[in-house]
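S.K.: Sharing a model prediction with you, sequence too.
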Amino acid sequence: MTQSTALRALDAELMAAFTSAGLADAATFIQYGSGSPTSCSVYVDRGVTFQGFDGTVRNDAVTITAFLDEIAEVPKRGALFAVGAVTYKVDAVTAKDESRVVCVVST
Amino acid sequence: MTDSVALRAIYAIRTRLQVIDGNSPFNTAAGGTVLINRSTVEKGDLPLLVIVPGDETVEPSSGGGQADGRSQAMKVQFDINIEGMVLADQSNTGEQLEEVKADIKRALLLFDQPTLKDGLFAIGPLAYLGSTPLPREDGANTESVQCRFRVTYTEKFGDPNATR
């Protein structure tokens, strides 16, 4: 078993468990420039960030973790994840390994 | 009780900024909300402007704040930053802050009124010192620009409410 195979198997097992526990979401992924939707499972992590100088605006800081077994390729800037009623647009990929990819997204 | 000259300068700037209503020639309606020294605002309140008073500097040669009998006048330079905050997304990052920057300049730098006034009372000339952009960061939906201004006036020694 390769590291890639092991990581993907582990992530799939964890995702199944987290989905059962209500800690993961079903999503639709649309690669930028593709247009064809792909069903997948994602983790949506929400935080807060502040933008500005002396005065700052509170912004959402949302990251989406998706799995290459399901979405097949690394999301490009502008790719979309639809999670429930919210569609997130990928701004940047901040982490990636053989199995998963973490994206900073905006609405 | 009147306000200090510095506070009147801030109010005069706020009054000028409040004309930014989204109608021509303005690009945004940021003047609808002009705050003073607010540290944190909500996205739902944008676009808006924040007035951030900065350093006050006295020119030593003008009396220098010394009660030495030579002069009761202090020449004061009061730096005031205006921060424009606007919504932006991936498709227009960096464009919205330019729009609000233009609005701030258009509202404050009046060719026929270079002197800041509190009603009919002249405070002093307003100068534009420059700006710093802060484009939308990845994941965010807002961006900002900081515009730096300086108002110069003569203040009476020991009486910050009075000009000389």
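M.R.: Perfect, I can see it now.

S.K.: hey, let's count contacts and neighbours off CA atoms from now on
M.R.: Will do.

S.K.: State the number of residues packed around the spatially closest residue to residue A:4 that is not a sequence neighbour.
M.R.: The shortest distance from residue A:4 to any non-neighbouring residue, by Cα to Cα, 6 or more residues apart in numbering or on different chains, is to residue A:98 (5.2 Å). Using other Cα atoms under 10 Å in any protein chain shown, residue A:98 has 14 other residues around it.

S.K.: can you pull the contacts of residue A:98?
M.R.: Residues in contact with residue A:98, defined by Cα atoms under 8 Å, 6 or more residues apart in numbering or on different chains, are A:3, A:4, A:7, A:8, A:68.

S.K.: centroid residue for chain A?
M.R.: For chain A, the residue lying nearest the average C-alpha position, counting by Cα atoms, centre = their mean, turns out to be residue A:64 (2.7 Å).

S.K.: Just list whatever residues bridge to that one.
M.R.: residue A:44, residue A:103 (DSSP bridges).

S.K.: how much space between it and residue B:105?
M.R.: Residue A:64 sits 40 Å away from residue B:105, going by Cα to Cα, to the nearest Å.

S.K.: repeat for residue A:3
M.R.: 58 Å.

S.K.: Okay, now the unreliable bits of chain B?
M.R.: Flagging of chain B using pLDDT under 70 yields the residue ranges B:1, B:60-71, B:164.

S.K.: where along it do the strands fall?
M.R.: With DSSP state E as the criterion, chain B has strands at B:34-36, B:40-42, B:48-58, B:73-87, B:115-118, B:121-134, B:142-156, B:159-163.

S.K.: Mind checking the ones you listed for the one nearest to residue A:89?
M.R.: strand B:142-156 (14.8 Å; Cα to Cα).
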